[in-house]
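Student: Here you go, sequence then predicted model.
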Amino acid sequence: MIRHWFQSGKPWIWFTASAVSISLVLVFGLLVLIAVRGLGHFWPHQIYEFTYTDRTGATPVLIGEIHDEETVPAARLRDAGIAVEGEGLITRYLLKVGNRDVFGQDFRWVLEPKIADRRTPEEVVALERREWGNFYGFLQNVKQGDSVVAAGPEAWSALQPLLARATDLFAQIHHVEKSEIGSINYGLERLRLKQRRLELASVTDPAAYAELDRQRKALEEEYQALQGRLAELYGQINRDSMTLRVADGREITIPLAKVVRAYRPNAMTLLGKIGFYFSKVWEFLSDEPREANTEGGVFPAIFGTVSMVLIMSIMVVPFGVVAAVYLREYARQGPLTRLIRIAVNNLAGVPSIVYGVFGLGFFVYFLGGNIDQLFFPEALPAPTFGTPGLMWASLTLALLTLPVVIVATEEGLSRIPKAIREGSLALGATKAETLWRTVLPMASPAIMTGLILAIARAAGEVAPLMLVGVVKLAPTLPIDGDYPFVHLDRKFMHLGFHIYDVGFQSPNVEAARPLVYATALLLVVVIVVLNLAAIVIRNRLREKYRALEG
Amino acid sequence: MAKHGVAIGGISVIIAIVLIFFYLLLVVFPLFEPAEAEQVGQFDRPGGAGHTLHMAMEEQAEIGVRFSDDGRATFFETTTGQLVDDQALSLPSSTSITSFAIGEPLDARVGYGLSDGSAVVVRPVYKESYPNDVRVITPVITYPLGEEPLPIDEAGQALVKLAVQDGEEEATVVAVTADGRLLLTYFAKEADMFDEEAVSLERSQVEIPHDGGPVDFLLLDKDQRNLYLASANGSLIHYDVTDKEEPQLLQRLNVIDPETRRRLTSLTFLTGDISLLVGDSSGRIVQWFGVRDERGNKRLRAIRSFDEQQRPIRAIAPEYSRKGFLAADESGRVDIYHTTAERLLLSLQLSDHALSSLAIAPRANAMLAEDTSGRLHFWRIHNEHPEISWSSLWGKVWYESYDAPSYAWQSSSASNDFEPKLSLTPLLFGTIKAAFYAMLLAVPLAILGAVYTAYFMSPSLRSMVKPSIETMEALPTVILGFLAGLWLAPMIELYLPGIFSMLLIMPVGILLFAFLWNHAPRVVRHSVPDGWSAALLVPVVLLLGWLSMSLSMPLETAFFAGDMRHWLTHEMGIDFDQRNSIVVGLAMGFAVIPTIFSITEDAIFSVPKHLTFGSLALGATPWQTLTRVIILTASPGIFSAVMIGAGRAVGETMIVLMATGNTPVMDFSIFQGMRTLSANIAVEMPEAEVASTHYRVLFLAALVLFLFTFVFNTLAELVRQRLRRKYSSL
C-alpha cells in the first residue's frame, strides 16, 4: 500500500505543499514576532519584588521588570560558571532592575528556584529618567527646595503637579536651547562665512564689514538675553526633588528635572494602562531620542527618512519616466534598445552597496568637492557638499531606484492599447500632444506604482546610506526654520540605520532592544503598506485597460 | 522639439547608468598602472672630490645631502645641484675615516668609524623657517651621541666595518676592527634630570667571538636585536644581540649558492628591518626573512627573488614607509620593485656608466643616483600603488613574520613596519560561503513552493499566497539582519540540537501526516477542497517546529551532556561562533526566497496549459506531468530564478554585516562566520582615505561585486528571453 502511494507521487506533492507552508510560516512568524515585540515595548509591565538567594548565600531584595526568560539545561549554566544543583532544566529570568547609577548595571539574571518570595507591591514607582535609564523604588517624600512637601502615602499625589511643572519647564528650556539659540548660532556661522567670502573676493569696503559687525552684535545681544532667561529657567527647574527607597533599602534623591515620567504600573487599571500605552506610542513617534538613542522617540529618524525619500522622488520620477518614454515611444526598437533594457533590468540587481560606493566616490568626493571649490570657497577647508549629506543620499537612492521606475512605467506604457494612440493622432494631435495629453495620463497609475515601489525600496535601504549621509545622531533636522529652510548638505537620521546603529553599535544593547523592535515594526508597517498600495494600484490598472481592450 | 527633449533625457539616464561602471573602473585603474618617472636634473657631484659614502634627501626631496669619505657633508639643491651648505664634520684631525654605517633611514643617522678605533654618529637636521613668507630650509649637522668621538676599540685599532643604531633609550655600535675582532658596544641613555637635551651615556662592551673571516657587510636592525655579518662570497652569520652582555649565534648560512660563483654585492634591510635584501653579481635580488621551522626556531629563508636585472647590483635603496625598493646596477640601470606584490614597477636607464650610490626620498617620490663618472641624476617618481598586483590581491602572499604564504585581509596596521594586507580572496570566499548557505535553504524551499503554488494550488489561495510572499521581497534587509543577529543567533545557540533535529523531524512528520490524511475517512478528506493542502499543513509545520524545539533540551541533556556548544568545541574540536553560517544561511535564505519563488512561479505558471492537458490525457499522473513535462519546459526559467537569487545573495550587505562576526576567515565550517565583500565595504569605506590604495581596493571590491551580479543577471535575463520566445512558439 505504501509503495503504491509513493509511486503515485502524492508524497512529493505534499512536500511541495509543505514548502509553501514553511515559507508562509516564516513570513508570518517574522511579522508576528516583530509586531509582538515592537508593540509590547510600550505596555507598562508589572514590577516584581523578589526575595532572592544569590550565589554568596545572601538574600537581597530585587525590584524590577521581567525582561526575558529562558529555560536551559543545568549543565549549560554550570559551563557558564553559575553554581546550580542537579540536572534537568532550569528557568531563569532576565530582570531589568534599572537604577544603573546606583547598582552599576541595570540587568540581572535570576534563577527561578532561588526566588523565595515574589510580590507585586502597588506602591512601587517606575521613573523614566533623562539619563541613566529607568529607576525603580518606593516613593518616600517630595521636596520643594529644602522643605518636605509630602511624605508617605500622600507623596504620590503631591508629586503629580510638581512633576507637570518640571516637565513644562524642561520643554521651555529645550525650546530655548534647541530652536532659539540654535538659530542664533546658525546666523552667526552664516555671518562668519559672509565675511570670509568678502575677504576672499578682496572687498575692502569697510561699510560691508561694518554691516556684518552690526548684525553680529545684534545676534550676540539676543544671545545674552536668552542666556539670562535660560539661567532663570534652570533655577526654577532645579527647585524640586523627591526621595525614593531602592530595593536594598538605600534612599536616593532624584531632582524632578531629570524625570521624564513617573508611574506605578502595579496600581494601574486596564484603562490607565491603555492610556499610558498610547502616550508612549505618541512619544515614540514624536519625540527625540534620549540616552544614545536607546530611549525616547525616533522622530528625527522618521523625519530624515521622509525628507530623503521625498527629495529622491522628485529626482527619480522625471528621469525614470523620460527614460521609459524614450525607450518605449521614441527609440527605434532593435538590438540596442533590447540591450539597454537588459542593462536597466540588471541594474536593479546590482548590490545596493555598489551604488553607495559610487555615490561616495562620484557624488560626494568628485561632484561635491568641485561644488565646494566653485560655490562655497568661504567654508573651506570644512566641506559643505564635499561630505556625505542629504542631497547625495537622495541622489544615490534615486539612481538605485531608477530601474524600478523605468520598468514599471514601461510596463504601463506597453499596456496602453494602440488604438488610443492612433485615435489621438488621427484627430490631428502631434506626437508630443498625444504623449502629454493621452498616453502619460493613462500611464500615470503605472508611474505611481513605480514610484511607490521605489519609495518602499528607498525607505528600507541602509547599506548605501551608511556611506553617503546618514548618521547615528543628527543635531539638526534637514528642514527647519532657518534660511534656506531645506539644508541639502546636512547629514540626517534614518529609520533603517537607526535599527542597525542602536541594535549593534549601542553600548547597552539589552536596554535598547525593545526600541529597536518598535522601530523595525514601524519600518515594516510603512513598507508593507506601500507595497500593498502598489499591488492594489497595479491590479486596478489592469482592470481598467482590460475594459478598454474589450 | 519634444522628441529631442525626450531623446536627450532618455539617453542621459542611460549614460548615467553606464557611468557607474566606468567610474568604478576609473577609480580602480590607477592600481594597476606602472610607475612613472621623469628626469628633473643632472649635474656634477657637488662639494669636494671625496668619494660618496651615502646620499639622502629631506622630506620634500628639495635638498639632498652627500656624505663623502673626506669627512664632509655637502647639502645641495636636488634639482640643480647648487650648493646649499658644505660642512666639514668635527673629526679629530689626526684620524681618518675607515668605515661608514647607515642607521635607520627615517632618523637619518649615519656613523663614521675612525682609524683610532673611535666612532662618531651624525644626523643632518633640516630646519624650516619662513622669512618673508618664503619657506627656507636650513640644514644643520647634529651629533646625537655627542660631538666627541665615542671610543669603541680600547686597543686603538682602526674600525674597518661599522653598524650603528641609535634609538630613544639606547644606542648600539657594532664594529669590526682592523685585526678582525667583532666588538659590540652598547650605550644606555640616561636623560639629565634638569636638562632634557643633555643625555649621559652608560657604556658597556662585549667582544663577540668571531672566526676572523672577511666581513664585507655588517647590519644591525633598528630594534638593536639582530646583527648580520656577510662576506662577499655569500656566507652570512646571524646573531641575536637582544642580550647585550651575551650575544648568541643564531644561524650561519649561505645566501648565495657557492657553486654559482656569484658575489654578494649589496645587502640592506627592507623597511621595518625584518627582511634582508640580498643583491648579487648576476643582478638578482633575493628577499630573506626569519620563518619558524618545525622546531619553532626562527631561521632565515629565501622568500622571493627578482631576476630582472642582468648586471651586478651596486646599490639598493628601500622605501621609507612601504615594502618597495630601488636597485641600481653596473649598467646604469635602476629598477623599482615591490616585494609582496612581486612587481617590477619601472625600469630606468639612468646613465651609461655604472651607478655607485642611490638614494630615495622619504615619500618615495624622487630618487638621486650617482654614477661612476661623478654625475648625479635626480628623478621624480610617481609610484602610487606599488603594493597591488594580481598575485597580491588574489594569491597567497608570504608576508613578513608569517610562517607560510597566506590569504590575508588586514587593511590597517599599527605602524609602517607592517604593511596592510589586501588579499580579496578571503572576502570573496566569505561572499561565496554566505551565498552558498543561503541558497542551500532558499533554493529547495522556493522552488518546491513555487511548483506547488503554480501547479497544484487553488486559484483563490494562490491569489493570497503569492502577494504575501512577494511583499516579503521588499522587507528591509536591515530588519532581517537585526533579527538574525539579536534574536536568531542566541536562539540557535540555545536550541542547537533542536535546529538539527528539525531537519529530520520536519520531513518525516509531514510524510506521516500526508499518509494519515490519505487514509483518513472520506468525510474528513473532502472537508478540505483540492489545492488547499498548503493551508492544511501550516498547523502541522508549526506543531513540528514546536516539537523539535521542545525536544532540543532533552536531546542536549541526553547526548551532549547538557551543552552542545561545549561538546562541539571540546569533543569535536569545532570552533563555534554565535554569529555563524547557520544564522546567515537562514536569514539571507529568507531574503532570497521571495526572489526565486516569484520568478520560478511565473515560469511554471506560464507553461502553456495544453502541454499539461495533453500529458494528463495520455494517462500520466499529475506528478509525472509535473516532473517530465512542466519542470523540463520551465527549467530555463527556474535556472534564471536561481541565478538572480544568487546575485542577490552575493551582494546583500546588511544581513551579513549584522549576522556574522565579520572576521575574514577561510573556513567553510557551518559554525563559523565570514566577512563578505559587501560587508567589508560597508565597514571600511567610511574610514578609507580618498585615493589611497585602500580606497581603490575597496572600489575594486565594489567593481567585483558589480561584475559578479551583472554576469549572473545577464545570464538569467538571456535565458529568460529565450524561454519567452520558446513559449510563444509552442
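Tutor: Perfect, I can see it now.
Student: And the residue nearest the centre of the chain?
Tutor: I went with chain A, as the question did not name one. With distances taken as Cα atoms, centre = their mean, A:L495 lies nearest the centre of chain A, 2.9 Å away.
Student: my question was about chain B
Tutor: Nearest residue to the geometric centre of chain B (Cα atoms, centre = their mean): B:L422, 1.6 Å.
Student: Please verify my assumption that that one contacts B:I388.
Tutor: Yes - B:L422 lies in contact with B:I388 (Cβ atoms under 8 Å); the separation is 7.0 Å. For glycine as for every other residue, the C-beta is placed from the backbone atoms N, C-alpha and C.
Student: what sits in contact with each of the two?
Tutor: Listed contacts common to B:L422 and B:I388 are B:T693, B:V697; contacts here mean Cβ atoms under 8 Å, 6 or more residues apart in numbering or on different chains.
Student: show me where pLDDT drops low in chain A?
Tutor: Filtered on pLDDT under 70, chain A yields the residue ranges A:1, A:547-550.
Student: Now stretch B:278-296: buried residues?
Tutor: B:278-291 (16 or more other Cβ atoms under 10 Å in any protein chain shown).
Student: What is the subsequent helix or strand relative to the helix or strand containing A:G29?
Tutor: Under DSSP states H and E, the secondary-structure element containing A:G29 is helix A:10-40. Downstream of helix A:10-40, the next assigned helix or strand under DSSP H and E is strand A:48-52.
Student: Sheet partners, orientation included, of that next one?
Tutor: Using DSSP bridges, strand A:48-52 pairs in its sheet with strand A:61-73 (antiparallel), strand A:115-119 (antiparallel).
Student: between the ones you listed, which one is nearest to B:A232?
Tutor: Set against B:A232 and scored by Cβ to Cβ, those come closest in strand A:61-73, at 71.3 Å.
Student: What is the distance between the following helix or strand past the closest one and the centre of its chain?
Tutor: Going down the chain from strand A:61-73, the next helix or strand is helix A:74-79, by DSSP H and E. Average the C-alpha atoms of helix A:74-79, do the same for its chain, and the two points are 39 Å apart (Cα atoms, centre = their mean, to the nearest Å).
Student: same deal with stretch A:192-201?
Tutor: How far stretch A:192-201 lies from its chain's middle: 38 Å, per Cα atoms, centre = their mean.
Student: what's in contact with that stretch?
Tutor: For stretch A:192-201, the surrounding residues in contact (Cβ under 8 Å, 6+ apart) are A:A208, A:Y209, A:L212, A:P377, A:E378, A:A379.
Student: For the third one, grab phi and psi.
Tutor: Read it as A:L212. Main-chain dihedrals, A:L212, degrees, to the nearest 10: phi -60, psi -40.
Student: CA atoms only: put the helix or strand hosting B:G498 into PDB for me.
Tutor: Using DSSP H and E, B:G498 sits in helix B:496-518. What follows is helix B:496-518, C-alpha atoms only, in PDB (Å, rounded to 0.1, in the frame of the first residue of the first chain):
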ATOM      1  CA  LEU B 496      21.200  23.900  18.500                       C
ATOM      2  CA  PRO B 497      20.100  20.200  18.800                       C
ATOM      3  CA  GLY B 498      16.500  21.300  18.000                       C
ATOM      4  CA  ILE B 499      17.600  23.000  14.800                       C
ATOM      5  CA  PHE B 500      19.400  19.900  13.600                       C
ATOM      6  CA  SER B 501      16.600  17.600  14.700                       C
ATOM      7  CA  MET B 502      14.200  19.700  12.700                       C
ATOM      8  CA  LEU B 503      15.900  18.600   9.600                       C
ATOM      9  CA  LEU B 504      14.800  15.100  10.400                       C
ATOM     10  CA  ILE B 505      11.500  15.700  12.200                       C
ATOM     11  CA  MET B 506      10.000  18.100   9.600                       C
ATOM     12  CA  PRO B 507      10.100  15.800   6.500                       C
ATOM     13  CA  VAL B 508       9.200  12.700   8.400                       C
ATOM     14  CA  GLY B 509       6.400  14.400  10.200                       C
ATOM     15  CA  ILE B 510       5.000  15.800   7.000                       C
ATOM     16  CA  LEU B 511       5.100  12.500   5.300                       C
ATOM     17  CA  LEU B 512       3.400  10.900   8.200                       C
ATOM     18  CA  PHE B 513       0.700  13.500   8.200                       C
ATOM     19  CA  ALA B 514       0.200  13.100   4.500                       C
ATOM     20  CA  PHE B 515      -0.100   9.300   4.900                       C
ATOM     21  CA  LEU B 516      -2.600   9.600   7.600                       C
ATOM     22  CA  TRP B 517      -4.600  12.200   5.700                       C
ATOM     23  CA  ASN B 518      -4.600   9.900   2.700                       C
END
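Student: Tell me how the chain divides into domains.
Tutor: Let's take chain A. Following automatic domain parsing, chain A resolves into domains at A:47-124, A:139-276, A:299-549.
Student: meant chain B, my bad for not saying
Tutor: B:1-33, B:35-50+B:262-423, B:89-254, B:424-493+B:579-727.
Student: In TSV: those domains, plus mean pLDDT and distance to B:S550.
Tutor: Below are the domains of chain B laid out as TSV (pLDDT from 0 to 100; distance: least, Cβ to Cβ, whole Å):
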stretch	mean pLDDT	distance to B:S550
domain B:1-33	81	51
domain B:35-50+B:262-423	88	42
domain B:89-254	86	61
domain B:424-493+B:579-727	88	14
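Student: re the thing from before, which one of the buried residues of stretch B:278-296 sits closest to B:P247?
Tutor: Using Cβ to Cβ, the buried residues of stretch B:278-296 come closest to B:P247 at B:G290, 16.4 Å.
Student: dump the residue contacts of the closest one.
Tutor: Contacts for B:G290 (Cβ under 8 Å, 6+ apart) come out as B:I274, B:K298, B:R299, B:L300, B:R301, B:S401.
Student: Can you tell me the element it falls in?
Tutor: strand B:285-292.
Student: closest point of the stretch 351-500 of chain A to chain B, which residue?
Tutor: Nearest residue of the stretch 351-500 of chain A to chain B: A:P351, at 2.4 Å (Cβ to the nearest Cβ).
Student: Could you check how far stretch B:175-184 is from the centre of its chain?
Tutor: Taking the mean of its C-alpha atoms, stretch B:175-184 sits 43 Å from the chain's own mean (Cα atoms, centre = their mean).
Student: Just the endpoints, please. Distance across it?
Tutor: Between the start and the finish of stretch B:175-184 there is a gap of 7 Å, counting by Cα to Cα, to the nearest Å.
Student: Next: stretch A:2-21.
Tutor: Using Cα to Cα, one end of stretch A:2-21 lies 24 Å from the other.
Student: how about the strands of the stretch 51-200 of chain A, start to end?
Tutor: For the stretch 51-200 of chain A, the strands defined by DSSP state E, counting those that start in this stretch cover A:61-73, A:89-96, A:107-111, A:115-119, A:124-129, A:135-144, A:147-151.
Student: gap between the residue in the stretch 51-200 of chain B that chain A sits nearest to and B:E62?
Tutor: Per Cβ to the nearest Cβ, B:D133 is where the stretch 51-200 of chain B lies closest to chain A, at 17.5 Å. The gap separating B:D133 from B:E62 is 17 Å, by Cβ to Cβ, to the nearest Å.
Student: higher neighbour count, these two?
Tutor: B:E62 (16 against 5; other Cβ atoms under 10 Å in any protein chain shown).
Student: and the longest helix anywhere in chain B, which residues are buried?
Tutor: Secondary structure of chain B per DSSP state H: the longest helix is helix B:693-729. Neighbour counts over helix B:693-729 (16+ other Cβ under 10 Å) mark B:693-706, B:708-710, B:712-714, B:716-717, B:719-720, B:723 as buried.
Student: and A:L327, how many residues sit next to it?
Tutor: A:L327: 21 surrounding residues under other Cβ under 10 Å.
Student: Determine the three-state secondary structure at it.
Tutor: In terms of secondary structure, A:L327 is helix; the call rests on DSSP: H, G, I helix; E, B strand; the rest coil.
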